[in-house]
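[1] I'll drop the sequence and a predicted model, then ask my questions.
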Amino acid sequence: MKRFNLSAWAVSHPTLVLFLMLVLGVAGFFSYQKLGRAEDPFFTVKVVNVSVLWPGATSQEMQAQVADPIEKKIQELPYFEKVQTYSKPGFTALQVTFRDSTPPKDVPYLFYLLRKKLVDVQGQLPAGILALLWQI
């Protein structure tokens, strides 16, 4: 029994294969144009970046006097998962991550609480700090 060879059939019928390729291409183009714009899932970003500037401070001073108090205060937040800190002379960056199980409707309130915690901790930070910034 001889098996059907699709490649041999396509080579022997090039006009039909070209027609089918064009029809499928045009159908794909029109299907793509009618694709809904809201088909992508909605997601909530649960990460906040906090930056602190203190000109003239060493990286050890930034870590001990700035990053550590901020980290301790931030850990009091509900749904807190982790904080990653990067310190260099005169600059500290903290990336605060909340758990994936955090309800999306609670995220704006968590960011509000974070801003309040940062304002609260400013009294414990050294006097020479120029900026305490957060970016959502």
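    Good, I have the coordinates.

[2] in space, not sequence, find me the middle residue of the chain.
    Geometric centre of the chain, nearest residue: Val45, 5.7 Å, by C-alpha atoms, centre = their mean.

[3] quick one: residues contacting that residue.
    107, 136 (C-beta atoms under 8 Å, 6 or more residues apart in numbering). Where you see a C-beta, it was placed from the backbone N, CA and C, and this is true even at glycine.

[4] with adjacent residues omitted, what lies nearest to Ser51?
    Nearest residue to Ser51 in three dimensions, chain neighbours excluded: Leu133, at 4.6 Å (C-beta to C-beta, 6 or more residues apart in numbering).

[5] do a quick rundown of the helices in this structure.
    6-12, 14-33, 59-61, 68-74, 107-121 (DSSP state H).

[6] out of those helices, deepest packed?
    Across the helices of the chain, averaging neighbours per residue (mean count of other C-beta atoms under 10 Å) puts helix 68-74 on top, at a mean of 17.

[7] if you count contacts, what does it end up packed against?
    When contacts are defined as 3 or more C-beta pairs under 8 Å, 6 or more residues apart in numbering; DSSP states H and E, helix 68-74 packs onto strand 47-53, strand 80-88, strand 91-98, helix 107-121.

[8] between the ones you listed, which one is closest to Lys72.
    helix 107-121 (8.4 Å; C-beta to C-beta).

[9] and the closest one, how far from the chain's centre?
    19 Å (C-alpha atoms, centre = their mean, to the nearest Å).

[10] using CSV, write out every CA atom in it.
    Provided in CSV are the C-alpha atoms of helix 107-121 (Å, rounded to 0.1, in the frame of the first residue of the first chain):
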residue,chain,number,x,y,z
VAL,A,107,-2.4,47.4,46.2
PRO,A,108,-3.2,51.2,46.1
TYR,A,109,-3.8,51.1,49.8
LEU,A,110,-0.5,49.3,50.4
PHE,A,111,1.3,51.9,48.4
TYR,A,112,-0.3,54.6,50.5
LEU,A,113,0.8,52.8,53.7
LEU,A,114,4.3,52.5,52.3
ARG,A,115,4.4,56.3,51.7
LYS,A,116,3.2,56.9,55.3
LYS,A,117,5.9,54.5,56.6
LEU,A,118,8.6,56.4,54.6
VAL,A,119,7.4,59.7,56.1
ASP,A,120,7.4,58.2,59.6
VAL,A,121,11.0,56.9,59.2
